[in-house]
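Colleague: this one's sequence-less:
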């Protein structure tokens, strides 16, 4: 089955700096890659996603890049703000298994 | 629009007591339904998923069970809770046939003492 690895597990950045979270996946049949943000005690919420026919997608300060050949994708947050502090999960949807597999999460802390 | 309701928000239960968490989805029909558990500081562990009434797939063997008595209702149960059952339980749904985008409920913080 699909295996998703996510790094780093914790990340601290100064307000205004950029943050990058990386994920790798194992199933070459995976074709959809969402990112979820979970604030403390709250539900995970979808913040951005990308499909395998696209290399990059941007939404204001958030961008996701995908390298299908290397089987890795990354979340980029620019001009970080304290409200960006949360746990971020990457996931990969395998067309063969028809299930989302989540990474282990990254605790992002933006220091004021 | 679609909404997902999950309750209760918090629950404190003694070891050995039963458990029943309920989740309902509105505004869609025949959704895929999921139960996830999240231990403190950990990732999302898929417990059960269902593609239709009475159809339950278990991902992790444990003393929990799930049922789907109605199309948009998903229930997580246990006959006797263990200390290790403590955690944040999340219900989620996705559109039937796509399984891609998951929409999560607000979660239940379960503490077993």
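Modeller: Now that the structure is in, tell me what you want to look at. Just so we're clear, the structure is a prediction, and the values are computed from it rather than from any experiment.

Colleague: drop to CA atoms for contacts and neighbour counts, all remaining ones
Modeller: Noted.

Colleague: For chain A, which residues are neighbours of chain B?
Modeller: Contact residues, chain A versus chain B (CA under 8 Å from any CA of the partner chain): A:32, A:34, A:42-46, A:93, A:98-100, A:102-105.

Colleague: Filter those down to the ones in strands?
Modeller: Among the residues of chain A next to chain B, the ones falling in strands (DSSP state E) are A:32, A:34, A:45, A:46, A:93, A:99, A:100, A:102.

Colleague: Pull out the buried residues from the host helix or strand of residue A:24.
Modeller: For residue A:24, the host element (DSSP states H and E) is strand A:19-25. Across strand A:19-25, burial judged by 16 or more other CA atoms under 10 Å in any protein chain shown covers A:19, A:21, A:22, A:23, A:24, A:25.

Colleague: and the helix or strand containing residue A:110, how far out from the chain's middle?
Modeller: Using DSSP H and E, the element containing residue A:110 is strand A:106-111. How far strand A:106-111 lies from its chain's middle: 13 Å, per CA atoms, centre = their mean, to the nearest Å.

Colleague: angle of it against strand A:19-25?
Modeller: Counting by axes from the mean of the first three to the mean of the last three CA atoms, to 10 degrees, strand A:106-111 lies at 170 degrees to strand A:19-25.

Colleague: Looking at the residues of chain A next to chain B, which gets the smallest pLDDT?
Modeller: Ranked by pLDDT, the residues of chain A next to chain B bottom out at residue A:98 (74).

Colleague: returning to that earlier point: other residues contacting the strand holding residue A:24?
Modeller: By CA atoms under 8 Å, 6 or more residues apart in numbering or on different chains, the surrounding residues in contact with strand A:19-25 are A:2-8, A:11, A:13, A:71-78, A:80, A:90, A:92, A:103, A:106.

Colleague: repeat for stretch B:56-63
Modeller: When contacts are defined by CA under 8 Å, 6+ apart, stretch B:56-63 is touched by residues B:46, B:47, B:48, B:49, B:50, B:66, B:67, B:68, B:78, B:79, B:80, B:81.

Colleague: 10 Å instead, please
Modeller: For stretch B:56-63, contacts defined as CA atoms under 10 Å, 6 or more residues apart in numbering or on different chains pick out B:33-35, B:45-51, B:64-68, B:74, B:77-82, B:85.

Colleague: Go back to the residues you listed and keep what's next to chain A.
Modeller: By CA under 10 Å from any CA of the partner chain, the members of these lying near chain A are B:45, B:46, B:49.

Colleague: quick one: contacts for the residue nearest to the second one when sequence neighbours are not counted?
Modeller: Meaning residue B:46. Closest residue in space to residue B:46, ignoring its immediate chain neighbours: residue B:36 at 4.5 Å, by CA to CA, 6 or more residues apart in numbering or on different chains. The neighbourhood of residue B:36, defined by CA under 10 Å, 6+ apart, consists of B:43-49, B:87-92, B:104, B:107.
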